[in-house]
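> sequence first, then the predicted structure, then my questions.
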Amino acid sequence: MTAAPLDFAMCLSAVSGRDTRFDGQFFTAVRSTGIYCRPSCPARTPKPSNCTFYRTSAAAHSAGYRACRRCLPEAVPGSPEWNLREDTAARAMRLIADGVVDREGVAGLSLRLGYSERQLGRILTDELGAGALQLARAQRAQNARQLLVATPMAVSDVAFAAGFSSIRQFNDTMGEVFGLTPTALRGAARVAERDSGAVAAGVISVRLAAREPFDGAGALNWLAARAVAGLESVRRGAGVGDGGGSDGGNGAVQEYSRAVRLDGGAAVLTLRPEPGGVALTARLEHLQDLPALLARVRRLLDLDADPEAVDRALAAHPLVAPSVAASPGIRIPGSLDATEMLTRAVLGQQVSVAAARTAVERVVEALGEPLPAALRGPAPLGTAPSERRPVDTLFPTAQALSASVVAATTGPAARREALARAAEAIADGTLLLDVGQTREDFTAALEALPGIGSWTSNYVALRVLGSPNVLLTGDSAVRAGAKALGLPSEARELAAEVAQLAPWRSYLMMHLWRASAPQPAPAPKPVPAPAPQGESR
């Protein structure tokens with residue numbers, strides 16, 4: 001699937017209506033002012049003859065435009081196209097956001113995508129209006145702007161945390177993109193975008209925007225229901241119900257924390273749902289890992305989705321519409337670590353959420369690495385294991401899993417051996433699981449391994465790639481949810497019934513999983529006290 005050319009009339013209509021739904025999906029360059037804006041910019045609508053529309057901000061940069069200081073076009077969610085499409089340009093955008101160009105250069109990006117550097121450059125320029133280096137440069141500028149505006153980090157720290165290799169490169173890029181020095185950009189930032197709370201040394205706190213409606217609480221509840229003690233921790237508020245397919249847990253999630261291994265070292269992140277996005281607080285061993293962390297958190301919570309398009313399509317089915325109305329803006333839960341996700345999927349085959357969580361906890365306890373002391377936080381206060389123990393452990397490496405996971409787990413020997421073989425393939429580089437792959441290639445590579453079937457491969461694709469059109473009709477919880485909504489519960493009939501909901505069947509599946517979860521008992525209604533004798537009721 002490749003992108004259709006931008007429709008000038010549609011883009012102009014969105015700009016005239018200041019339609020926030022299109023923010024991040026295209027950019028408006030105005031020849032008379034030399035700036036580019038988001039579609040919802042509050043400035044006066046430019047004349048059509050002065051407008052040029054670009055699919056990426058990098059294309060606008062390359063054409064000589066600078067970012068609007070009023071609407072801050074870099075402060076919007078990314079385009080949902082990169083998750084929906086599987087062509088080379090979209091896969092390149094996912095890898096660039098993950099920092100592949102910063103870590104491996106254009107040569108590394110080209111190798112992952114299977115093209116020469118020259119071929120890839122032509123493809124990206126034709127499709128997106130800019131080459132890989134320009135796209136990566138725009139990504140760095142966006143990260144730097146966010147850090148300058150939202151954190152009190154020193155400007156020099158911002159430069160390296162955003163992925164720049166030198167202060168000079170940082171200053172030059174920010175001047176070209178925004179027309180301001182980094183210090184001036186920070187001073188000119190709107191007060192509303194600043195982080196008003198005190199930030200501890202070594203801690204970064206930013207707000208990540210999402211398109212609304214955004215069911216952030218539901219996304220964090222999903223993760224919390226599967227939280228592994230030591231690797232993750234959860235803090236809940238008052239109330240009952242989790243909406244995430246849990247088998248327990250009282251109160252909505254207020255904070256979700258976890259450890260993650262990045263290219264340069266370890267990090268611990270904490271997420272809190274907010275209107276229109278999520279607040280992220282992170283402690284990192286190496287600031288250079290921040291761009292990759294930001295990109296992976298966006299994928300973890302599916303922040304770049306187009307919820308209005310998804311909900312509109314799903315609500316067209318009369319049996320699904322009530323669930324969409326009850327849970328607008330539902331998201332696909334992603335993953336921060338493909339090896340971890342594969343482990344969870346293999347150990348979670350044909351068992352409950354609680355049993356899968358227990359199996360993964362055994363692996364983390366036996367083979368995980370202690371988190372550096374400087375990154376550890378206080379223990380949460382709660383009842384479940386993930387609500388009592390602080391985040392203090394990193395998920396095991398593929399090497400550790402391949403050597404010892406058979407002995408560290410219980411259950412069918414074939415399942416444990418399949419996981420060990422898969423981990424060995426990841427460790428020796430023969431199995432590559434990254435966001436630059438198509439779903440077909442991703443699942444084929446997994447299913448080529450003994451013991452890995454279609455349920456496992458497609459579930460991992462759902463979580464790692466964010467594939468929007470996965471429907472696991474063989475999953476018992478999916479069938480139970482379908483039955484709860486009045487849909488056919490048999491695999492073949494269910495697939496036929498919802499075929500017209502492509503390409504959004506992953507989001508349908510989230511509704512089915514939610515419908516299958518045990519619903520909390522309603523609070524008993526208060527019984528009115530009997531009226532005194534002789535008094536009117």
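Thanks, I have it. These figures come from a predicted structure and were not determined experimentally.
> what's stretch 58-66 in contact with?
Here stretch 58-66 makes contact (CB atoms under 8 Å, 6 or more residues apart in numbering) with 27, 29-30, 34-36, 52, 54, 128-130, 134-135, 137-138, 141, 176-179. C-beta coordinates here come from the backbone N, C-alpha and C atoms, glycine included.
> run the last query once more with 6 Å
Outside stretch 58-66, the residues that touch it by CB atoms under 6 Å, 6 or more residues apart in numbering are 27, 29, 34-36, 54, 129-130, 134-135, 138, 177, 179.
> in it, what's buried?
For stretch 58-66, the neighbour count (16 or more other CB atoms under 10 Å) marks 58, 59, 60, 61, 62, 65, 66 as buried.
> and those, which of them are in helices?
Using DSSP state H to define helices, the subset of these located there is 58, 59, 60, 61, 62.
> and which of the residues you listed is nearest to residue 309?
Taking CB to CB as the measure, residue 309 sits nearest to residue 59 out of those, at 22.9 Å.
> which SS state does the residue lying closest to residue 232 once chain neighbours are set aside fall under?
In space, and not counting its chain neighbours, residue 232 is closest to residue 258: 4.1 Å by CB to CB, 6 or more residues apart in numbering. Recorded secondary structure, residue 258: strand (DSSP: H, G, I helix; E, B strand; the rest coil).
> residue 258 and residue 331: what is the separation?
Shown here: residue 258 relative to residue 331, a distance of 17 Å by CB to CB, to the nearest Å.
> contacts made by stretch 422-434 with the rest, please.
Counting by CB under 6 Å, 6+ apart, 338, 339, 342, 398, 399, 401, 402, 445, 449 sit against stretch 422-434.
> mind redoing it with 10 Å?
With contacts defined as CB atoms under 10 Å, 6 or more residues apart in numbering, stretch 422-434 is touched by 91, 94-95, 98, 100, 112, 335, 337-339, 341-343, 345-346, 396-405, 421, 441-442, 445-446, 448-452, 456, 460-461, 464-465.
> now that stretch, how far from the centre of its chain.
Averaged C-alpha coordinates place stretch 422-434 at 23 Å from its chain's average position (CA atoms, centre = their mean, to the nearest Å).
> list the buried ones in it?
422, 423, 424, 425, 426, 427, 431, 433.
> let's have these in CSV, adding secondary structure, pLDDT and distance to residue 364.
Rendered in CSV, the data for those read as follows (DSSP: H, G, I helix; E, B strand; the rest coil; pLDDT from 0 to 100; distance: CB to CB, whole Å):
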residue, secondary structure, pLDDT, distance to residue 364
422, helix, 97, 17
423, helix, 98, 14
424, helix, 98, 19
425, helix, 97, 21
426, helix, 97, 17
427, helix, 97, 18
431, coil, 96, 21
433, coil, 95, 19
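> from the residues you listed, which two are the most distant?
424 and 433 (13.6 Å).
> contacting residues for the most centrally placed residue in the chain?
With distances taken as CA atoms, centre = their mean, the residue of the chain nearest its centroid is residue 299 (1.7 Å). Taking CB under 10 Å, 6+ apart, we find residue 299 in contact with 78, 82-83, 94, 97-98, 332-336, 435, 463-466.
> can you rerun that using 8 Å?
Contact partners of residue 299, counting by CB under 8 Å, 6+ apart, are 334, 335, 435, 466.
> which one of those residues is nearest to residue 416?
Using CB to CB, the contacts of residue 299 come closest to residue 416 at residue 335, 21.2 Å.
> low pLDDT regions in the chain?
1-3, 189-202, 238-250, 519-537 (pLDDT under 70).
> so residue 109 belongs to a helix, correct?
Yes - the assignment for residue 109 by three-state DSSP puts it in a helix.
> cross-check the contact I'm expecting between it and residue 91.
No - contact status for residue 109 versus residue 91: not in contact, 9.7 Å apart, counting by CB atoms under 8 Å.
> count of neighbours near residue 267?
25 (other CB atoms under 10 Å).
> same deal with residue 452?
As a burial measure, residue 452 scores 23 neighbours (other CB under 10 Å).
> tell me how far it lies from residue 483.
Using CB to CB, residue 452 is found at 28 Å from residue 483.
> now swap in residue 65 and tell me
As judged by CB to CB, residue 65 and residue 483 stand 54 Å apart.
> measure the closest residue to residue 148 other than its chain neighbours to residue 144 for me?
Excluding its sequence neighbours, the residue lying closest to residue 148 (CB to CB, 6+ apart) is residue 186, at 4.4 Å. In this view, residue 186 and residue 144 are 10 Å apart by CB to CB.
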